[in-house]
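# Okay, structure incoming, though there's no sequence with it:
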Ligand code: ACO
């Protein structure tokens, strides 16, 4: 808390509220007593001006295009660290030393298998079920396997639940893919890296040895790191809100997966690639730019714009570079990448996009890379969920251990009917 205050004139009298200061970023007016003092609520649909919590995990400066995890810039992490280092960093606050990292790696690898009964659970889904529907269901079902054993008031048990979630998510996502293509599930191979193991479980078959391509492994490492956390976005806020009632952590993460699925959030990578394919040719770009600008057309450029970034999304830069590398190394020439680059170029010089500060976001190029690696588009958001699980569990742990944490319970501006008497059915 600082000495700073903010005053509001309400009905002729001034009300003064304390201002809280973060380590960086905008200060926050503490309005917890506002309703008690004034009888008024504040109105902020979409939380555009409302901080819902204190957090020490991730910082974003949307105007400058900065993203820091525990203080470390995302481009440095994407370039130099492993996904396990980033997971440890998000969960524990600092980068691990060698001994801590080895122990963390070992712990995660001990939790990669699923209970055998879960394989039966998969068989209840239609074979063409969307992987996100399967992820939602299977992760929710895990709460039945670890319910009595999870006392969320015990930090150690919270940590075990977090390890389980981080470790099992690649197995769950890979099995969702295998189920949809009718191939047998593969058990994890703990001798491989987190990403290598995931690639093998997704693309390997029991009949043949699988060799992890280091270029693809590296691209996946970057993609996972770039998606690991992003402060109080919609799915993370969903996990926090679900968790604020004391719900089982596996159920809370299933809620996060449901939220992430939407095309305005994690579903945008799938939507962006579908859009680029639909455009198909650089000559058709002006037509789509015109549609995006047309107020009467609901079409939006998918992979463009962000609630927080009003500058280039720093993750999109790394993603574009990775797209170039992967396509070059795999010797793939994909016209979709040409369409993406030209579309970006045109949009970045178009008055509509410049004025509204609409830049490519993380999802604009990720689809091109994942497509080149061989993932079907339906899997894109599932990969996002896999990586974001690390952020979700870090944020969930932070919330549960926060002494100021309360059950999330927004207020409303009621605009419905006022009190009226019930009319019997035969008189209506
Ligand atoms: N194409 C065209 N116009 C756009 C786009 C877009 N992609 N995004 C925003 N705009 C316009 C809106 O029409 C609006 O115009 P107006 O002020 O004239 O009404 C203005 O820019 C502001 O847009 P809002 O929707 O109010 O901004 P908000 O912060 O609520 O939305 C969002 C952000 C949802 C990401 C939006 O930009 C969007 O729908 N983008 C496409 C989907 C997408 O890529 N989502 C991924 C986000 S990143 C992630 O989840 C990892």
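Everything's here; your move. If you're wondering where the values come from, they're calculated on a predicted model, not measured in any experiment. Numbers count the residues shown, from 1 in each chain.

# quick one, what contacts residue 31?
Counting by CB atoms under 8 Å, 6 or more residues apart in numbering, residue 31 touches 17, 42. In short, each C-beta sits where N, CA and C put it, glycine included.

# cool, residue 350 as well?
The neighbourhood of residue 350, defined by CB under 8 Å, 6+ apart, consists of 289, 293.

# Contact residues of this structure facing the ligand?
When proximity is defined by CB under 6 Å from any ligand atom, the chain lies next to the ligand at 264-266, 268, 292, 300-307, 356, 358, 361-363.

# Quick check: buried residues in stretch 43-52?
By neighbour count with 16 or more other CB atoms under 10 Å, stretch 43-52 contains the buried residues residue 51.

# Spatially, what comes nearest to the closest residue to the ligand within the chain if we skip its sequence neighbours?
Of all residues in the chain, residue 305 sits closest to the ligand, at 2.4 Å by CB to the nearest ligand atom. Excluding the flanking residues, the one nearest residue 305 by CB to CB, 6 or more residues apart in numbering is residue 358, at 4.4 Å.

# Then residue 125?
Nearest to residue 125 is residue 134, by CB to CB, 6+ apart, at 5.5 Å.

# Which pLDDT value does the model give the one you found?
Reported pLDDT at residue 134 in the predicted model: 96.

# Now name the helix or strand holding it.
Residue 134 is located in helix 131-145, with elements delineated by DSSP states H and E.

# Show me what counts as buried in that helix.
If you call a residue buried by 16+ other CB under 10 Å, then helix 131-145 has these buried ones: 131-143.

# Tell me the one among those nearest to residue 247.
residue 143 (8.4 Å; CB to CB).

# where along this structure do the strands fall?
5-10, 13-20, 28-29, 58-61, 66-69, 72-73 (DSSP state E).

# Turn those into a markdown table, columns for distance to residue 398.
Below are these laid out as a markdown table (distance: least, CB to CB, whole Å):
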| stretch | distance to residue 398 |
| --- | --- |
| strand 5-10 | 26 |
| strand 13-20 | 17 |
| strand 28-29 | 17 |
| strand 58-61 | 10 |
| strand 66-69 | 13 |
| strand 72-73 | 17 |
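
# Can you lay out those strands as TSV showing distance to residue 219 and mean pLDDT?
Output for those, formatted as TSV (distance: least, CB to CB, whole Å; pLDDT from 0 to 100):
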stretch	distance to residue 219	mean pLDDT
strand 5-10	46	93
strand 13-20	40	95
strand 28-29	38	97
strand 58-61	23	96
strand 66-69	19	96
strand 72-73	20	98
